[in-house]
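# I'd like to go over a predicted model; first the sequence, then the structure.
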Amino acid sequence: MKANQNLSSKERKYLILQRLLNSEHLSYQQLSNEYYVSRSSIANDIASVKQILAEEKVRLTFDNSGTYLTGGEISRQRVLKRLIMDLINDIKTNHFMLSTLLDQSLYEQVAILFRSILRQSQIEVPESYLQDILISTVIVIQRGKENQHIQLGTKRQFGKLFFQFDKYPLVYELLKSIEDNRIYQFSKADFQYLTYVILGNGFKYFMVNSTIPDSFKVKVKQLIVRVGEGVNTDFSQDSRLESDLMVHLYQLVLRLQAHTTVINPVLDEIRKSYRKLFGVVWYALNDFGNDNNLMISADEVGFVTIHFQAALERSKKVRKVLFVCPNGIGTSALISAKLRQILPDITLIEVVSVDKLKQQDLSDVDLIISTVIITDARISYVKISPLMSAEDMKKIMSRYIDITLAQNSREIVSNETSLTPALKMLTGHVFFVMMYQTF
């Protein structure tokens, strides 16, 4: 193990946080002496630690014996999972630090068991969900072996689903495999907590003959309407958005009832790319959370934002391409078929003659492709050979990308300057931008 004086600032910060998670009381002077750095350096480390803890609503406090961590074991495990996920998702992963936080041998052992059971059951769980399940499970085992146990009071029981194994036999089989292989013996609280972690990462994969309550579906539909009003878009006809959100939000509720969450590795990119939509979704989810007594994190807001952004992409106007060709039906059919291969999202390709082009309404046309030179084209066009060569395909794709990017830029400007519907929703709550600043 590295000597304390050779630690980087990041390594030192993670080790201090790990010690706090293990219930140590630490003083600035003590840490300064142990890590051979100044008290001001330790103060900066503690400030960074507080920012990490704030992501999981966990606080530091202090007394005569030093600074220590408040909160129960579940909140501490959430913090530990966030640290591990940050290291795993970092392209410059510090394997020394990762090995101090996660028993990688145990992780591989549990992963082999879980993957084998899922493979035998012919169930494919998305890798990000499976990773979250594996890390959560290993943390429970690691902490349990260190006598750091999850405690669930009678007021924190997770609901009527527990120990009804006929509803989710696969969950029982996954956790029981760890006990059968003498890796760890779960307590009742461990089993309950991990059951909700697993269901929260894959309700539709692990539940058998279970349906989402009608009352919950009504709340999801209300959320969709509220976000639609905020971005001035009617989502009522998007059945895919509704079905995807039903499952995602039900899993979200299961996760939050267990006081856990899924770490969103692209949260910063979502905030930057879809700033307005993120804000509207955050506010709508805040009301949704209040109705269900849930505290919804920025990670979860980011995931839901992606569902709505996908719906916005689906709602965009279909692009129309005109193909001008004087060489007959055969050539037109051939080139139309080739166009559909390289531009799969186009559903409307219209073939016109040179003469008809002069009378054509071009107000809804995005691109003209022609085998002849057009001298009076009212919009730009791409000139190609009658049989459309590979070079022609490249020219068409390049022009199409330029058109798409230009249109997206105009939409972003329009969205940023047309905030009236969103501002009506956010009246008195504009502070959300500061609440979700990047630490």
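Looks like it came in fine.

# per-domain residue ranges of this structure.
According to automatic domain parsing, the chain comprises the domains 4-72, 103-210, 211-315+390-439, 316-388.

# Would you mind checking the average pLDDT for the last one?
Same thing as domain 316-388. In this model, domain 316-388 carries a mean pLDDT of 75.

# and if you look at the second one?
The average of the pLDDT scores along domain 103-210 is 82.

# contact partners of stretch 233-251?
With C-beta atoms under 8 Å, 6 or more residues apart in numbering as the test, stretch 233-251 has contacts from 199-204, 212, 216-217, 220-221, 223-225, 227-228, 288, 303-304, 307-308, 310-312, 314-315. The C-beta positions use only the backbone N, C-alpha and C, and glycine is treated the same way.

# scratch that, stretch 11-27
Contacts to stretch 11-27, defined as C-beta under 8 Å, 6+ apart, come from residues 2, 7, 31, 35, 37, 45-46, 48-49, 52-53, 60, 63, 65-69, 76, 79-80, 83, 94, 96-97, 100-101, 146, 148.

# Which residues belonging to it are considered buried?
11-21, 26 (16 or more other C-beta atoms under 10 Å).

# returning to what we had before: mind checking the domains of the chain for the one nearest to residue 89?
With C-beta to C-beta as the criterion, residue 89 lies closest to domain 211-315+390-439 of those, at 4.6 Å.

# coming back round to it: with distance to residue 88 added, can I get the domains of the chain in JSON lines?
JSON lines is the format used below for the domains of the chain (distance: least, C-beta to C-beta, whole Å):
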{"stretch": "domain 4-72", "distance to residue 88": "13"}
{"stretch": "domain 103-210", "distance to residue 88": "8"}
{"stretch": "domain 211-315+390-439", "distance to residue 88": "9"}
{"stretch": "domain 316-388", "distance to residue 88": "34"}
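
# Of those, which is nearest residue 87?
domain 4-72 (8.2 Å).

# Off-centre distance for that closest one?
29 Å (C-alpha atoms, centre = their mean, to the nearest Å).

# i'd like the first residue to be 41 from this point on
Sure thing, new numbering starts at 41, so read that last one as domain 44-112.

# In contact with residue 79, which residues?
68-69, 72.

# any chance of those in JSON lines, plus pLDDT, neighbour count and distance to residue 176?
Below are those laid out as JSON lines (pLDDT from 0 to 100; neighbours: other C-beta atoms under 10 Å; distance: C-beta to C-beta, whole Å):
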{"residue": "68", "pLDDT": "92", "neighbour count": "18", "distance to residue 176": "33"}
{"residue": "69", "pLDDT": "92", "neighbour count": "11", "distance to residue 176": "36"}
{"residue": "72", "pLDDT": "92", "neighbour count": "16", "distance to residue 176": "34"}
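
# in what helix or strand does the spatially most central residue of the chain lie?
Geometric centre of the chain, nearest residue: residue 343, 3.7 Å, by C-alpha atoms, centre = their mean. Taking DSSP states H and E as the definition, residue 343 sits inside helix 338-354.

# what helices or strands is that helix leaning on?
Counting contacts by 3 or more C-beta pairs under 8 Å, 6 or more residues apart in numbering; DSSP states H and E, helix 338-354 packs against helix 279-297, helix 307-313, helix 315-331.

# coming back round to it: quick one: which of the buried residues of stretch 51-67 is nearest residue 381?
Closest to residue 381, out of all of these and judged by C-beta to C-beta, is residue 54, at 50.3 Å.

# Phi first, then psi, for the closest one.
phi -70, psi -40 (degrees, to the nearest 10).

# ok, the residue lying closest to residue 331 once chain neighbours are set aside - contacts?
The shortest distance from residue 331 to any non-neighbouring residue, by C-beta to C-beta, 6 or more residues apart in numbering, is to residue 259 (6.6 Å). By C-beta under 8 Å, 6+ apart, residue 259 lies in contact with 328, 331-332.

# Find me the pLDDT at residue 259, would you?
On the pLDDT scale, residue 259 gets 91.
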